[in-house]
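Chemist: Coordinates only, no sequence provided:
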């Protein structure tokens with residue numbers, strides 16, 4: 001992460017390219033919590049990259065002690081207006097932040113692909129921030145999601161793991177697959193104890209947003225996409241690693 005990045009500008013929508021879609025907030029966030037819930041440890045929570053607090057809000061019922069680190073002060077202002085003093089907000093870059101504790105649960109969702117040196121930050125998770133019995137929940141967008149592979153076949157994206165111009169404007173620096181995500185986690189010294197995918201996805205986010213405003217998609221269909229993603233993690237919208245501290 002270089003000093004000339006403007007983290008507030010990276011969060012802004014650009015034309016039809018949104019930073020976040022209704023699909024992300026209304027579909028993916030609940031299913032991420034569902035995927036995480038059985039693995040939560042008792043104790044505190046550190047969220048790395050809390051954005052505007054929408055996912056923090058989903059996590060709040062499970063933890064009384066929450067710290068959220070976010071590089072954008074604009075995003076923190078929005079999150080604080082929603083969550084108030086329920087969360088300890090820290091406006092800082094992961095590369096520089098000094099945290100006062102170790103954490104039993106650390107969550108990083110759709111953030112690692114934004115970092116200039118992801119392994120260095122993952123190493124801080126393992127060496128400095130994760131408690132001895134803690135768990136690290138790491139989720140990234142999936143290069144091999146069918147929606148993305150279809151876009152490649154359509155000629156809209158050069159290859160599955162490409163970073164599109166719109167993604168780059170929003171701060172993306174790479175696009176992970178399960179194997180490259182696990183590679184970086186292991187390089188940082190983390191122990192991967194579970195790997196999975198979240199939500200089978202054959203349509204782009206903007207297409208999902210349009211469908212979600214109709215009666216075509218039922219709750220049962222959404223649950224079916226989630227269950228199918230458990231069977232085929234490499235074809236999911238997001239890929240999920242559960243990690244523990246190396247001994």
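Modeler: Looks like it arrived, so ask away. Owing to the predicted nature of the structure, the values given are computational and were not obtained by experimental measurement. Residues are numbered from 1 along each chain as shown.
Chemist: Check what contacts the lengthiest strand in the chain and list those residues.
Modeler: Scanning the chain for the strand with the most residues, using DSSP state E, yields strand 130-141. For strand 130-141, contacts defined as Cβ atoms under 8 Å, 6 or more residues apart in numbering pick out 32, 36, 39-41, 43, 102-110, 112-113, 122, 125-126, 175-176, 181, 185, 190, 198, 237-245. No exception for glycine: its C-beta is placed from N, CA and C like everyone else's.
Chemist: Parallel or antiparallel, which strands does it pair with?
Modeler: Looking at strand 130-141 with DSSP bridges, its partner strands are strand 103-109 (parallel), strand 236-244 (antiparallel).
Chemist: now for those strands, which one comes closest to residue 156?
Modeler: Minimum separation from residue 156 across the strands paired with strand 130-141 (Cβ to Cβ) falls at strand 236-244, 17.0 Å.
Chemist: Residue 80 belongs to a helix?
Modeler: Yes. Assessed with DSSP: H, G, I helix; E, B strand; the rest coil, residue 80 lies in a helix.
Chemist: Mind listing the residues bridging to the nearest residue to it once chain neighbours are set aside?
Modeler: Among residues not flanking residue 80 along the chain, residue 89 sits closest, at 5.7 Å (Cβ to Cβ, 6 or more residues apart in numbering). Taking DSSP bridges as the rule, residue 89 bridges to residue 68.
Chemist: thought residue 89 was touching residue 47?
Modeler: No. In this structure residue 89 lies outside contact range of residue 47 using Cβ atoms under 8 Å: 9.8 Å.
Chemist: average pLDDT for the longest helix along the chain?
Modeler: If you go by DSSP state H, the chain has its longest helix at helix 219-231. Mean pLDDT, helix 219-231: 96.
Chemist: before we move on, which element is residue 202 in?
Modeler: In this structure, residue 202 is located outside every helix and strand according to DSSP states H and E.
Chemist: Do I have it right that residue 222 meets residue 26?
Modeler: No. In terms of Cβ under 8 Å, residue 222 does not count as a neighbour of residue 26; the distance is 9.6 Å.
Chemist: Just list the residues touching the closest residue in space to residue 92 that isn't next to it in sequence, thanks.
Modeler: In this structure, residue 92 finds its nearest non-sequential neighbour in residue 69, 5.9 Å apart by Cβ to Cβ, 6+ apart. The neighbourhood of residue 69, defined by Cβ under 8 Å, 6+ apart, consists of 46, 47, 48, 49, 50, 90, 92, 94, 97, 99.
Chemist: Let me know how buried the third one is, in neighbour terms.
Modeler: Residue 48 is flanked by 24 other residues according to other Cβ atoms under 10 Å.
Chemist: Need phi/psi at the residue in the chain sticking out farthest from the centre.
Modeler: Distance from the C-alpha centroid of the chain, by Cα atoms, centre = their mean, peaks at residue 215 (28.2 Å). Main-chain torsions, residue 215, degrees, to the nearest 10: phi -100, psi 20.
Chemist: Count residues in the vicinity of the residue nearest to residue 80, would you?
Modeler: Neighbourhood size, residue 89 [other Cβ under 10 Å]: 23.
Chemist: how about it, what does it touch?
Modeler: Shown in contact with residue 89 (Cβ under 8 Å, 6+ apart): 50, 67, 68, 70, 76, 79, 80.
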